[in-house]
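Colleague: give me a 3D structure for the following:
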Amino acid sequence: MQLPMNSDGNPGPESRLLNPESLVPNPESRILNPASVDALLFDLGGVIIDVDFNRALERWALHARCDPAALKARFTQDTHYQRHERGEIDAAAYFASLRASLGIALTDAQFHDGWAALLGDEIAGMAALLRRAGEKLPLYLFSNSNAAHREIWSRRYAAVLSVFRRVFVSCEIGQRKPEPEAFGTVAAAIGGPVSRIVFFDDSLENVEGARAIGMRAVHVTSIADVETTLESII
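Modeller: Numbering: from 1, shown residues only. I've put the predicted structure just below:
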C-alpha cells in the first residue's frame, strides 16, 4: 500500500497524477453509441471524490503512537471489511476486528476519526461533467460503502450527489461490487435492458463484475476517461 488507495483497494487519483500517460483516455471510452444508452451509473470513491486509505492509517498511527508503515503492512480489505460494507456488521464490530488485525488499542472514537479522514475532496471538474450529463440522461450512483462513511459523504457532498436520481450503497442493499448479483440488483432497480446502462468505476475488478452481467463499463483511470465517454454519448 505504497500508493494512495481508494475504497476498492486500488491506487487513488493522486497516484495517477504522477504518471502523465494516465491522462490519456482509455480506448474503451470512445466506442459508445449515444442511441444505445439509457442511463449512466457512477462509482463514488476514486471517480467523484478522492479517497485515500493512507490518511486513515496515518491518523490511526498518530493515535496509537506507532509507525504508519507498520499499519499499512497489516491492513487488508478482509472478510470483516467486506461484511462491514454489506451492512452485516456495524462500525463497532469492524473496529474491534481492526484492533486485532492492526494490533492497536484505539477507542471507537479514535477509529472513527481516522475513518472519516479517508474521505477527501471532490475530484476537480467532475461536478460540471455530471451536471451536463444529467441534462441528457438519468444518473445513478453505486458505492461500496459502510454506514459510518455513508453518513459523512451523504452530507459533505450533498451538492454533487443531488444530480443522481438514486444512490445505491452496498451496506443498504446487502451486496457489494464486484459481485455480479450486486450489479443485477442495481440494474433491476434502474429498469430497462442492462446493456443500455454505462457504468464508470476506477476499479478494474468492479468494471469486470459489471460486464459479467452485460453492462457496459468504463475503467476510469483519470477524469479524461469520464469526459471522453460523456462526449461520445451526449
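Colleague: residues touching residue 75, list them.
Modeller: By C-beta atoms under 8 Å, 6 or more residues apart in numbering, the contact set of residue 75 is 1, 53, 57, 101-102. Any C-beta I mention is one placed from the backbone N, CA and C, and that applies to glycine too.
Colleague: can you report how many residues neighbour the residue nearest to residue 193 when sequence neighbours are not counted?
Modeller: The shortest distance from residue 193 to any non-neighbouring residue, by C-beta to C-beta, 6 or more residues apart in numbering, is to residue 38 (7.5 Å). Residue 38 has 15 neighbouring residues, counting by other C-beta atoms under 10 Å.
Colleague: got it, and the one 3 residues further on?
Modeller: Residue 41: 25 surrounding residues under other C-beta under 10 Å.
Colleague: swap in the one 4 residues further on?
Modeller: Counted with other C-beta under 10 Å, the burial measure for residue 45 works out to 28 neighbours.
Colleague: beta partners of it?
Modeller: Beta bridges link residue 45 to residue 49 when assigned by DSSP bridges.
Colleague: pLDDT wise, what is it at?
Modeller: At residue 45 the predicted local distance difference test score is 97.
Colleague: in strands, which of the contacts of residue 75 appear?
Modeller: Using DSSP state E, no member of those sits in strands.
Colleague: need phi/psi at the nearest residue to residue 181 once chain neighbours are set aside.
Modeller: Spatial nearest neighbour of residue 181, chain neighbours left out: residue 175 (5.7 Å); criterion: C-beta to C-beta, 6+ apart. Dihedral pair for residue 175: phi -140, psi 150, per degrees, to the nearest 10.
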